[in-house]
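Trainee: Build me a model:
(one chain, ligands or ions: 1)
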Amino acid sequence: MEKLKNCPICTSEESRLFLQCKDYTVSQKVFDIVECSACGFKYTNPRPKPEELGKYYESEEYISHSGTKKGLIYKAYHIARNYTLSKKFTLINKNQPKNLLDIGCGTGEFLNYCKQKGLNTTGVEPGEKARNFATFEYSLTVFDEDFLKNTDKKFDVITMWHVLEHVPFLQQRMEELYALLSDDGALYIAVPNCESYDASYYGKYWAAYDVPRHLYHFTKKDISSLAEKNNFIVEKIFPMKLDSFYVSMLSEKYKSGKINYFNAFIIGLKSNLKAGKDNYSSLIYLLKKRK
Ligand SMILES: [Zn+2]
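Mentor: Purely as a prediction, here's the structure:
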């Protein structure tokens with residue numbers, strides 16, 4: 001384990017305990033989420049060292065990186081994912097980009113979708129199993145994370161779908177992103193929103209806290225600060241309306257040991273209805289370089 005001395009966004013040394021959450025999927029251990037006293041950013045601290053993080057992903061339950069299809073919750077996840085693929089593509093294809101870099105591409109479904117639509121695609125994925133799957137199953141070009149600091153290629157679109165909250169070196173990653181993005185390029189970052197209704201309803205059972213895999217728990221304000229600090233601006237925010245249902249199902253399971261599908265549906269729906277303009281369970285941020 002390692003304990004961060006400074007806030008990963010504003011570098012303040014002051015923080016207070018915000019919430020204690022259990023890792024329900026792998027270790028069953030409890031982790032602290034602290035809140036920066038200066039800027040309010042919430043992050044998991046202490047957290048596993050970068051080299052220890054791998055073992056917290058070693059679970060069949062951790063479905064974002066595997067292809068298991070058993071049980072209703074997995075089916076729901078996969079149906080939602082396929083629907084989301086076309087939504088995501090429509091979003092990133094607005095300005096007809098040529099080169100796409102998807103960081104944390106997992107088993108490559110989104111990249112494969114975009115490749116079939118004619119985009120030049122490159123993927124980066126730290127997990128070896130997922131990387132090999134994407135390479136051999138879909139014949140995609142997928143590198144490990146070293147690619148990010150070693151390449152001098154530029155990309156018109158970079159996507160990170162529920163990935164930034166997993167990245168141990170946040171500031172370094174933001175600098176890499178700036179270097180990798182073409183001057184007029186678009187950077188899409190999707191992360192859970194810990195200010196959403198489902199987050200406050202489920203509290204420490206909220207599945208998108210997902211400690212210790214989620215190292216950061218972003219709000220809109222945090223993403224704005226992080227963008228500004230790194231010469232980006234947040235140009236637009238898009239909702240991910242299916243996430244509230246999926247996250248509520250998992251949260252129900254963590255809260256009571258089994259899923260109350262009815263309640264999960266109601267909370268998911270309520271979260272979307274209460275979200276107003278942009279307070280959904282998960283949000284996609286479109287970042288551009290500041291001119
Ligand atoms: Zn801070």
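
Trainee: Could you check how far Leu287 is from Lys241?
Mentor: Using C-beta to C-beta, to the nearest Å, Leu287 is found at 21 Å from Lys241. In this view, the C-beta of every residue, glycine as well, is placed from N, C-alpha and C.

Trainee: So between the two, which is more surrounded?
Mentor: Neighbour count, other C-beta atoms under 10 Å: between Leu287 and Lys241, Leu287 has more, with 25 against 17.

Trainee: Which element, helix or strand, includes that one?
Mentor: Using DSSP states H and E, Leu287 sits within strand 282-289.

Trainee: Can I get that strand in CSV, CA atoms only?
Mentor: Provided in CSV are the C-alpha atoms of strand 282-289 (Å, rounded to 0.1, in the frame of the first residue of the first chain):
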residue,chain,number,x,y,z
SER,A,282,-21.7,8.7,-15.2
LEU,A,283,-20.6,11.6,-17.5
ILE,A,284,-18.6,11.9,-20.6
TYR,A,285,-16.5,15.0,-20.7
LEU,A,286,-15.3,16.5,-24.1
LEU,A,287,-12.0,18.2,-23.5
LYS,A,288,-10.2,20.4,-26.1
LYS,A,289,-6.8,22.1,-25.9
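
Trainee: where do the strands sit along the stretch 1-150 of the chain?
Mentor: 15-22, 30-36, 42-44, 99-103, 120-124, 142-143 (DSSP state E, counting those that start in this stretch).

Trainee: Where does pLDDT dip in this structure?
Mentor: In the predicted model of the chain, residues 59-70 satisfy pLDDT under 70.

Trainee: show me the biggest strand of it in terms of residues.
Mentor: strand 181-192 (DSSP state E).

Trainee: and it with strand 282-289, angle?
Mentor: Taking axes from the mean of the first three to the mean of the last three C-alpha atoms, to 10 degrees, one finds that strand 181-192 is oriented at 160 degrees with respect to strand 282-289.

Trainee: what's the closest non-adjacent residue to the residue nearest the centre of the chain?
Mentor: With distances taken as C-alpha atoms, centre = their mean, the residue of the chain nearest its centroid is His162 (1.6 Å). Nearest residue to His162 in three dimensions, chain neighbours excluded: Ala190, at 5.5 Å (C-beta to C-beta, 6 or more residues apart in numbering).

Trainee: Would you mind confirming that the one you found is in contact with Ser282?
Mentor: Yes. Shown here, Ala190 and Ser282 form a contact pair, counting by C-beta atoms under 8 Å, at 6.1 Å.

Trainee: Can you pull the residues that touch both of the two?
Mentor: 162, 240 (C-beta atoms under 8 Å, 6 or more residues apart in numbering).

Trainee: List the contacts of stretch 81-94.
Mentor: 100, 109-110, 113-114, 117, 119, 157, 159, 161, 186, 188, 238, 240, 242, 284.

Trainee: Just give me how far it sits from the chain centre.
Mentor: 16 Å (C-alpha atoms, centre = their mean, to the nearest Å).

Trainee: Helices of the stretch 51-200 of the chain, start to end?
Mentor: 71-92, 109-116, 128-138, 146-150, 170-180, 197-202 (DSSP state H, counting those that start in this stretch).

Trainee: Tell me how far the first one lies from the chain's centre.
Mentor: Right, helix 71-92. 15 Å.

Trainee: how long is stretch 188-198 end to end?
Mentor: 23 Å (C-alpha to C-alpha, to the nearest Å).

Trainee: re the thing from before, in TSV: the strands of the stretch 1-150 of the chain, plus mean neighbour count and distance to the ion.
Mentor: Formatted as TSV, the strands of the stretch 1-150 of the chain follow (neighbours: other C-beta atoms under 10 Å; distance: least, C-beta to the ion, whole Å):
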stretch	mean neighbour count	distance to the ion
strand 15-22	16	8
strand 30-36	20	3
strand 42-44	22	9
strand 99-103	25	24
strand 120-124	22	27
strand 142-143	21	32
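
Trainee: And those strands: which comes nearest Ile73?
Mentor: Nearest to Ile73, of all the strands of the stretch 1-150 of the chain, is strand 15-22, at 18.3 Å by C-beta to C-beta.

Trainee: Is stretch 207-216 positioned near the ion?
Mentor: No. Residues of stretch 207-216 contacting the ion under C-beta under 5 Å from the ion: none, with a closest distance of 11.1 Å.

Trainee: Now do the same for the residue of the stretch 151-291 of the chain found nearest the ion: helix, strand or coil?
Mentor: Nearest residue of the stretch 151-291 of the chain to the ion (C-beta to the ion) works out as Ser225 at 8.0 Å. For Ser225, the secondary-structure state derived from DSSP: H, G, I helix; E, B strand; the rest coil is helix.
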